[in-house]
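In: Output the structure for:
(chains A and B)
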Amino acid sequence: MKTVLRWAAVALALAGLAAAGFAQAKDLVMMHDKGGNPNYQPFYEAMGKQVKQAIGIGFTPTPYPTTDVFNAAVRAALPTKQAPDLFTWWSTYRMKDLIDQGLVAETTDLWDKHKAEFSKGLRDAFTFNGKVYGFAYVVEYWGVWYNTEVFAKYKLKPPKTWGEFLKVCDTLKRNGVIPIFQTVQARWPTFILFEELVARQNPDLYVDLCEGRAKYTDPQVKTAFGVWADLIKKGYFTDPSTDLFSEAPRLFDQGKVAMIPCGSWYMTVLTSNGVPESKIDIFVMPPHNPSAGKLAILEATPILIAENAPNLEAAKKVADYWMGPEGNAFYAKLVGQYPSNSKADTSYLAKARVNFRKTLVGENYRILNRYWEATPTPICEQAVDKFAEFILNPDSLDKVLNDLDWIAYDYWSQNK
Amino acid sequence: MKTTRERVVSYLFILPALVLVVVLLLVPMLQNIYYSFFNWNGIAKPVFIGLSNYAKLLVDRDFLISIRNTVIWVGFTLIFPVFGGLLVAVFVDGVRFERFFKSIFFIPLTISFVATGIIWTYMFGKELGVLNNLFELLGLKLKPSWLTGVPLNTFSMLIAWTWQQLGTNMVMFLMGLGTIPVEPIEASIIDGASRFETFVHVKFPMLRPITTVVITMAMVNSFKAFDIIYVMTRGGPYHSSETLAVTMFRETFTMFKMGYGSAISIVLSIIVIAVSALYIQRMAKKDLLYY
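Out: Here you go, the predicted structure:
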């Protein structure tokens, strides 16, 4: 009997060790919101395998098809012991309430380690009270994608001034091509034209507006909206019910829409929908107010580490590898996007993307944070619906601006 | 007379179901009521604000639009999916190729709400949608903005809803028709009643029990309508096509106003329970639940 018990004890101990070993070898969990359209799951899976190969710690991406569902799932999980080790998120104000509640792990040491590889502006977008959180794995710039074949057909060139831009729109419209894509579908894309036009009225005003130092009823904001209303009334936009992901690429490919203002990541959407690279190029929207100067919108795409991550140290090691030139370039190359690490290889980038970044860096463009992240989430989430109201009825401008002021006042009066 | 042991065993059999109902239904419901009195973003400490969330509902324009849309959804559901389901059931019942026609109307029911929403989003697309291209092929100069025109977007989604729901109601009514005894129908035919008269004076009154069930279920489902709206318009543009369920979701999971969202869900639950109870009570009083 004793022998049986002894063997049983040994077997249990071995099983325990095996279980412990299994637990150690288990991959980290990374939740992400990009499981819908476009679907980034295969890219994250490949990155998980690459990290495992490089440093011995892998991660399993868990996709969510929509932002709302993802948001709710992450927020519910973060305060618990089931918090994800890593999760995709958005920079600046989108991170703030999670950081305020102590739910995000600090990564200042990693940013210090890679100090020479990242721009100060990028670090600032992740800095709160002197501490840095998360890391940027790719960066995106926003411009206007255009169909090169359509432009060539009508002998058009990427516009450098607002006058040239209007001329391009006019020529396209006269020839039966819809000049610019615009939509209210999926809510968020309504801020695209807002940020492009308000920032090009006065970039400082745009920053002040986002941070609660200016009003939406400011005459300069109204002027920018006036420019927008003028474009709408001239019939330069697509019908606002046209979808950015399912319809716009096909219309672009068929030459029915010539220009799509969007992030540099949109090239992946176009090519994955069958648009040949030779048909695609991008330019920076010229300022309608010349004194606004040269500027472009930046979208920093972060991955955050949960403070309650079951494998906090391992998650930081993954972040360290992903921030470094090798890991950063590996993922950026997979998706064909800009690496956030300035020392990372960029030779894989499509010609359009290389030229675009060359223009922005070479001509000293002022870089502004995207509205989605640059203003507090409660304001942004309501503002996008107000922009939709304006797009569908430009005559509602005064009402929309007053409503926006109330929305902003409601937030800033409690959160200054 | 049951012995004590038998009673204990009976309760033990009920216990697992009871635990599930308490843990998964009653506790969350009570928690929901509790949080409706708080200002809470889901992660910070909740702040007690009494009835403020409920008071705010009364002056919230979006909430009032949402109530209006919910009423439209319920009204439309009673007319088209329910009445349509009845008509289809009556016409399909006993005809040649009955099983084929039943299948045609039943197939949409096997598709999820989300898939239905996606299919109809493609149907209603402005530029590349099936309907607008069909209009163009037919030479019609019609190009409606099905999903962004207000209030057209609500009715567009109701078409998708009817397409999906008609089969459920048809099946229920067919079940009801199957339970009607043959004698009164034969008697009415012998008396010279036409097919229409037989339906109006004999079949329809005898369908009342199932009609009550169908109407109650249709009302409850339309009050809860969420999936199709979320997929097709997300309640937009600018909340114009939101129903109470969508507004509740937006306030809770997009705006992270957990307390306010809870208050909306409480109001929605009260409306659904009150309307259903009143309707069933009225039917019971009139002795219309039985024949």
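
In: Any idea which helix or strand in chain A has the lowest mean pLDDT?
Out: Least confident helix or strand, chain A: helix A:2-25 with a mean of 47, by mean pLDDT, DSSP states H and E.

In: continuing past that helix, what's the next helix or strand?
Out: Using DSSP states H and E, the helix or strand that follows helix A:2-25 towards the C-terminus is strand A:28-32.

In: Are there helices or strands packed against that following strand, and which ones?
Out: Counting contacts by 3 or more Cβ pairs under 8 Å, 6 or more residues apart in numbering or on different chains; DSSP states H and E, strand A:28-32 packs against helix A:41-55, strand A:59-63, helix A:67-77, strand A:86-88, helix A:312-323. For glycine as for every other residue, the C-beta is placed from the backbone atoms N, C-alpha and C.

In: Deepest-packed of these, please.
Out: strand A:86-88 (a mean of 26; mean count of other Cβ atoms under 10 Å in any protein chain shown).

In: if we look at it, which residues are touching it?
Out: A:28-34, A:59, A:74, A:301-306, A:309, A:315, A:318-319 (Cβ atoms under 8 Å, 6 or more residues apart in numbering or on different chains).

In: what's the answer for stretch A:166-179, then?
Out: With Cβ under 8 Å, 6+ apart as the criterion, stretch A:166-179 contacts A:150-151, A:154, A:156, A:159, A:180, A:231, A:234-238, A:251, A:255-259.

In: roughly how far is that stretch from the heart of the chain?
Out: Computed by Cα atoms, centre = their mean, to the nearest Å, the chain-centroid distance of stretch A:166-179 equals 29 Å.

In: try stretch B:147-154
Out: 20 Å.

In: Would you mind measuring the gap between the ends of that stretch?
Out: End-to-end distance for stretch B:147-154: 8 Å, by Cα to Cα, to the nearest Å.

In: How about stretch A:180-200?
Out: This stretch, stretch A:180-200, spans 17 Å end to end (Cα to Cα).

In: on that earlier part again, I'd like to know which of the helices and strands packed on strand A:28-32 is closest to residue A:106.
Out: helix A:312-323 (9.7 Å; Cβ to Cβ).

In: counting contacts, what elements does that closest one pack onto?
Out: Packing partners of helix A:312-323 (3+ Cβ pairs under 8 Å, 6+ apart): strand A:28-32, helix A:41-55, strand A:86-88, helix A:108-113, strand A:135-147, strand A:295-305, helix A:325-335.

In: Okay, buried residues for the helix or strand that the fourth one is followed by please.
Out: The helix or strand immediately downstream of helix A:108-113 is helix A:120-124, counting by DSSP H and E. For helix A:120-124, burial by neighbour count (16 or more other Cβ atoms under 10 Å in any protein chain shown) applies to A:122-123.

In: any residues touching helix A:120-124, and which ones?
Out: Outside helix A:120-124, the residues that reach it (Cβ under 8 Å, 6+ apart) are A:111, A:132, A:136, A:139, A:298, A:300, A:340, A:367.

In: mind redoing it with 6 Å?
Out: The contact list for helix A:120-124, computed with Cβ atoms under 6 Å, 6 or more residues apart in numbering or on different chains, reads A:111, A:136, A:300.

In: cool, stretch B:162-182 as well?
Out: If you take Cβ under 6 Å, 6+ apart as the criterion, stretch B:162-182 is touched by B:80-82, B:84-86, B:88-89, B:93, B:105-106, B:108-109, B:116, B:206-207, B:210, B:214.

In: Could I get the average pLDDT for it?
Out: Per-residue pLDDT over stretch B:162-182 has a mean of 91.

In: Check the gap between residue A:144 and chain B for me.
Out: As judged by Cβ to the nearest Cβ, to the nearest Å, residue A:144 and chain B stand 19 Å apart.

In: That residue contacts residue A:259, doesn't it?
Out: Yes. If you go by Cβ atoms under 6 Å, residue A:144 and residue A:259 touch, sitting 5.1 Å apart.

In: Which one's more surrounded, those two?
Out: Ranked by neighbour count (other Cβ atoms under 10 Å in any protein chain shown), residue A:144 and residue A:259 place residue A:259 first, with 29 against 22.

In: give the contact list for that one.
Out: Applying Cβ under 6 Å, 6+ apart to residue A:259 gives the contacts A:144, A:146, A:180.

In: residues contacting the second one?
Out: Contacts of residue A:146 were listed using Cβ under 6 Å, 6+ apart, and they are A:258-259, A:281.

In: Could you do the last one as well?
Out: By Cβ under 6 Å, 6+ apart, the contact list for residue A:180 reads A:236-237, A:259.

In: now do the first one
Out: Residue A:144 sits next to A:259, A:261, A:283, A:285 when contact means Cβ under 6 Å, 6+ apart.

In: how deep is the closest residue to residue A:321 other than its chain neighbours tucked in, by neighbour count?
Out: Closest residue to residue A:321 apart from its sequence neighbours, by Cβ to Cβ, 6 or more residues apart in numbering or on different chains: residue A:327 at 4.2 Å. Neighbours of residue A:327 under the rule other Cβ under 10 Å: 23.

In: Please apply the same query to the one 3 residues further on.
Out: For residue A:330, the neighbour count with other Cβ under 10 Å is 20.

In: tell me the contacts of it?
Out: Listed by Cβ under 6 Å, 6+ apart, the contact set of residue A:330 reads residue A:50.

In: what about it, distance to residue A:161?
Out: Separation of residue A:330 from residue A:161 (Cβ to Cβ, to the nearest Å) stands at 40 Å.

In: Residue B:269: neighbour count?
Out: For residue B:269, using other Cβ under 10 Å, the count is 16.

In: returning to what we had before: out of the contacts of residue A:180, which comes closest to residue A:371?
Out: Each of the contacts of residue A:180 was scored against residue A:371 by Cβ to Cβ, and residue A:237 proved nearest at 18.6 Å.

In: Who does the closest one form a beta bridge with?
Out: Following DSSP bridges, residue A:237 is listed with bridge partners residue A:180.

In: what's the burial count for it?
Out: 22.

In: Roughly how far does it sit from chain B?
Out: 12 Å.

In: before we move on, what about residue A:309?
Out: Distance from residue A:309 to chain B, by Cβ to the nearest Cβ: 16 Å.

In: that older thread, what about the contacts of stretch B:162-182, which are in helices?
Out: Per DSSP state H, helices hold the following members of these: B:84-86, B:88-89, B:105-106, B:116, B:206, B:210, B:214.

In: Tell me which helix or strand the residue most central in space within chain B sits in.
Out: Taking Cα atoms, centre = their mean as the criterion, residue B:221 is the residue nearest the geometric centre of chain B, at 2.0 Å. Using DSSP H and E, residue B:221 sits within helix B:208-223.

In: same check, this time on residue B:175
Out: Assessed by DSSP H and E, residue B:175 sits inside helix B:152-179.

In: how far off helix B:208-223 does that helix point, in degrees?
Out: Put simply, helix B:152-179 runs at 160 degrees to helix B:208-223, going by axes from the mean of the first three to the mean of the last three Cα atoms, to 10 degrees.

In: Tell me the buried residues in helix B:152-179?
Out: Buried residues in helix B:152-179 (16+ other Cβ under 10 Å): B:153-154, B:156-174, B:176-177.

In: Can you mark which positions in the following helix or strand past that helix are buried?
Out: Sequence-wise, the next helix or strand downstream of helix B:152-179 (DSSP H and E) is helix B:182-190. Under the neighbour-count criterion of 16+ other Cβ under 10 Å, helix B:182-190 has B:184-185, B:188 buried.

In: tell me, which of those residues make contact with chain A?
Out: When contact is defined as Cβ under 6 Å from any Cβ of the partner chain, those do not meet chain A at all.

In: Out of those residues, flag the one nearest to chain A.
Out: Here the nearest of the buried residues of helix B:182-190 to chain A, counting by Cβ to the nearest Cβ, is residue B:185; it sits at 49.8 Å.

In: what's near enough to touch that closest one?
Out: Neighbour list for residue B:185: residue B:202 [criterion: Cβ under 6 Å, 6+ apart].

In: same thing but 8 Å
Out: B:198, B:202-203.

In: okay, now the residue in the stretch 51-200 of chain B that chain A sits nearest to: neighbour count?
Out: Nearest to chain A, among the residues of the stretch 51-200 of chain B, is residue B:148, at 3.8 Å (Cβ to the nearest Cβ). Look at residue B:148: counted by other Cβ under 10 Å, it has 26 neighbours.
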